[in-house]
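>>> Sequence first, then the predicted structure, then my questions.
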Amino acid sequence: MSELERVSAELRKAIFEVRMPLQTTKELNVAGFERLERCANELAHLLRGSEHLPRKIVNDLYSTAKAMENEAPYAQDQALVSQWASKLYMTFDLILLGESHDDYKSGVPRAI
């Protein structure tokens, strides 16, 4: 199993752990989201600079962010779920740009 396959499998499990309770019972799995975020960041790192992206897992990341955005108004903590969605959107955007979180430093202007 390649590193990308391992991370993709872990990311799918983490997505399920966070998304299912949020959509069904409106419960928040904070530890699950932390795992999801770590996996998403690792995926961005692995895909950094890649011209070809695995559509399925990248779409899973995007659709999870979209689902969180849609569920936020009904969640126990709307602001937290919105923040989670924003973090996943950021990672998705970085993947599309061929970058990872290592390339982005908060408060530091980006070189053109």
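Noted; the coordinates are in hand.

>>> what's the longest helix in this protein?
helix 3-24 (DSSP state H).

>>> Show me what that one packs onto, helices and strands only.
helix 30-47, helix 55-71 (3 or more C-beta pairs under 8 Å, 6 or more residues apart in numbering; DSSP states H and E). C-beta coordinates here come from the backbone N, C-alpha and C atoms, glycine included.

>>> in the protein, what spans have low per-residue confidence?
Where the chain drops to pLDDT under 70, the residues are 110-112.

>>> most packed of the helices and strands packed on helix 3-24?
helix 30-47 (a mean of 19; mean count of other C-beta atoms under 10 Å).

>>> Give the other helices and strands that it contacts.
Applying 3+ C-beta pairs under 8 Å, 6+ apart, one finds that helix 30-47 contacts helix 3-24, helix 55-71, helix 78-97.

>>> Tabulate the helices and strands packed on helix 3-24 in CSV, adding columns for distance to residue 85.
Formatted as CSV, the helices and strands packed on helix 3-24 follow (distance: least, C-beta to C-beta, whole Å):
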stretch, distance to residue 85
helix 30-47, 10
helix 55-71, 4
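
>>> Those: which one's closest to residue 102?
helix 30-47 (6.6 Å; C-beta to C-beta).

>>> tell me the angle of the closest one relative to helix 55-71?
140 degrees (axes from the mean of the first three to the mean of the last three C-alpha atoms, to 10 degrees).

>>> ok now helix 30-47, how far from the chain's centre?
6 Å (C-alpha atoms, centre = their mean, to the nearest Å).
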